[in-house]
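In: Pasted the sequence and its predicted model underneath.
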Amino acid sequence: MPTIFEQPADLLGAVGQHLGYSDWVEIDQQRIDLFADATGDHQWIHVDPEKAAAGPFGSTIAHGYLTLSLANLFLPQIMEVRNTSMGVNYGCEKVRFPAAVPVGSRVRGGGEVISAEELKGGVQVVVRVTIEIEGGERPACVIDTISRFFP
């Protein structure tokens with residue numbers, strides 16, 4: 001269940017607020033292969049289960065950018081801003097990949113409002129999305145996403 005903001009201006013008072021978590025998503029080989037096909041990144045560590053089994057992770061792993069792209073899936077599960085005419089993904093300030101995501105892992109995103117400021121006609125918010133691996137010691141990805149919401 002997402003944290004709900006009734007209007008963009010409500011984000012201004014949410015700095016420091018943890019927004020909750022998304023649903024868990026399994027990272028299977030089909031998802032990895034489809035991402036490889038979409039991006040042209042067919043490195044063996046991602047798409048060759050036999051060779052990857054003998055590699056440093058013992059199996060194939062998700063592309064870092066596949067993991068990053070899941071922020072787009074997780075953000076609407078974490079937060080909802082109502083009474084908007086438009087919401088825009090404006091970019092990212094910082095992205096890190098502390099841990100690899102082995103095939104068969106489950107991941108989810110958690111969010112925290114890092115900053116929020118008024119801009120002409122709307123509000124810009126930075127939400128830190130931490131993508132964690134179920135049972136993992138370190139997150140798979142930490143992203144400071146920038147979104148703009150207009151009433």
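Out: Yep, that arrived.

In: Skipping its backbone neighbours, what lies nearest residue 119 in space?
Out: Distances taken as Cβ to Cβ, 6 or more residues apart in numbering put residue 148 closest to residue 119, at 6.9 Å, once the chain neighbours are dropped. Using the backbone N, CA and C atoms, a C-beta is placed for each residue, glycine as well.

In: Roughly how far does the residue sitting nearest the centre point of the chain sit from residue 124?
Out: Per Cα atoms, centre = their mean, the C-alpha nearest to the average position across the chain is that of residue 71, at 2.2 Å. Between residue 71 and residue 124 the distance is 17 Å, computed by Cβ to Cβ, to the nearest Å.

In: just residue 39 next, same as before
Out: Residue 39 sits 28 Å away from residue 124 when distances are taken as Cβ to Cβ.

In: neighbour count winner among these two?
Out: When residue 39 and residue 124 are compared on other Cβ atoms under 10 Å, the one with more neighbours turns out to be residue 124, at 17 against 13.

In: Checking my notes, the more buried one in a helix, right?
Out: No: membership of residue 124 in a helix is not supported by DSSP: H, G, I helix; E, B strand; the rest coil, which gives strand.

In: That one bridge partners, please.
Out: Per DSSP bridges, the residues bridged to residue 124 are residue 117, residue 148.

In: name the helices or strands packed onto the helix ranked longest in the chain?
Out: Secondary structure assigned by DSSP state H gives helix 29-39 as the longest helix of the chain. If contacts are counted by 3 or more Cβ pairs under 8 Å, 6 or more residues apart in numbering; DSSP states H and E, helix 29-39 sits against helix 44-47, helix 64-69.

In: Distance from the chain centre to that helix, please.
Out: Between the mean C-alpha point of helix 29-39 and the mean C-alpha point of its chain there is a distance of 17 Å (Cα atoms, centre = their mean, to the nearest Å).

In: do the same with stretch 100-111
Out: Averaged C-alpha coordinates place stretch 100-111 at 10 Å from its chain's average position (Cα atoms, centre = their mean).

In: Kindly check the end-to-end length of it for me.
Out: End-to-end span of stretch 100-111 (Cα to Cα, to the nearest Å): 20 Å.

In: which residues sit in contact with the closest residue to residue 134 other than its chain neighbours?
Out: Take residue 134 and drop its neighbours on the chain: the residue closest to it by Cβ to Cβ, 6+ apart is residue 106, 4.3 Å away. With contacts defined as Cβ atoms under 8 Å, 6 or more residues apart in numbering, residue 106 is in contact with 24, 25, 26, 27, 133, 134.

In: Many thanks, we can stop here.
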